[in-house]
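In: With the input below, show me the fold.
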Amino acid sequence: MNPCVFLDRDGVINKDNPNYTYKVEGFEILPGVIDALKLLKANNFSLVVVTNQSGIAQGLYTQQQMQECHRYFQEQSGHVIDHFYFSPYHPSVTDSLLRKPGTLMFEKAIARFNVDIAKSWMIGDRGRDIIPARKLGIKTIQIGDEIEEKDKADFQSANLLEAANIILSGI
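Out: Okay, here's the model as predicted:
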């Protein structure tokens, strides 16, 4: 079984945009992200992105535009991400267990990558990222300073590099 770090995308890997990030020219990789991911990869973690992309269901952008952003990130990072799981759904259009706080994206990755839940982590910037990980018994780190007491993560960090160091300090 393999340890895995699950990652939210917007606000963790790239700068969050309230009007959605779906164009490569607007996909701003946050400082330290690539170094953090390479550090985790060097310590034998699978790296899986689990991201809600509700703008697709809302007709604001296409799946192809989102995938172009993911290709761009892979090119910039040396293809460090093992897989991108995404939920294109939005409650105003259609409901799905795939959408966080549902657990289906995680469950798919756990099966595909033979994930050891006890040695795995979820890094997100919102409570809805923490909820599914907690349901599955995955340790959690929340990035940023908008901490929601109700869905508080196991650890808090300022950025992904600090989160990676928290994870690696326990190895």
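
In: going forward, measure contacts and count neighbours with C-alpha atoms only.
Out: Fine.

In: Partner strands of the longest strand seen in the chain and their direction?
Out: Counting by DSSP state E, the longest strand found in the chain is strand 46-52. If you go by DSSP bridges, strand 46-52 pairs up with strand 4-7 (parallel), strand 83-87 (parallel).

In: Give me the mean pLDDT for the following helix or strand past that strand.
Out: Proceeding N to C from strand 46-52, the next assigned helix or strand is helix 63-77, under DSSP states H and E. Taken as a whole, helix 63-77 has an average pLDDT of 98.

In: in helix 63-77, what's buried?
Out: Judged by neighbour count (16 or more other C-alpha atoms under 10 Å), helix 63-77 contains these buried residues: 66-70, 73, 77.

In: Can you pull the poorly scored residue ranges out of this structure?
Out: Applying pLDDT under 70 to the chain flags residues 147-149, 171.

In: Break down it into its strands, ranges please.
Out: Using DSSP E, the strands found in the chain span residues 4-7, 46-52, 83-87, 121-124, 139-143, 155-157.

In: so which of the strands paired with strand 46-52 gets nearest A164?
Out: Closest to A164 of those is strand 4-7 (C-alpha to C-alpha; 9.2 Å).

In: Quick one: residues in contact with that closest one.
Out: Residues outside strand 4-7 that contact it (C-alpha atoms under 8 Å, 6 or more residues apart in numbering) are 13, 45-51, 106, 115-117, 119-124.

In: can you check stretch 54-65 too?
Out: The contact list for stretch 54-65 (C-alpha under 8 Å, 6+ apart) reads 20, 22-23, 87-90, 93-94.
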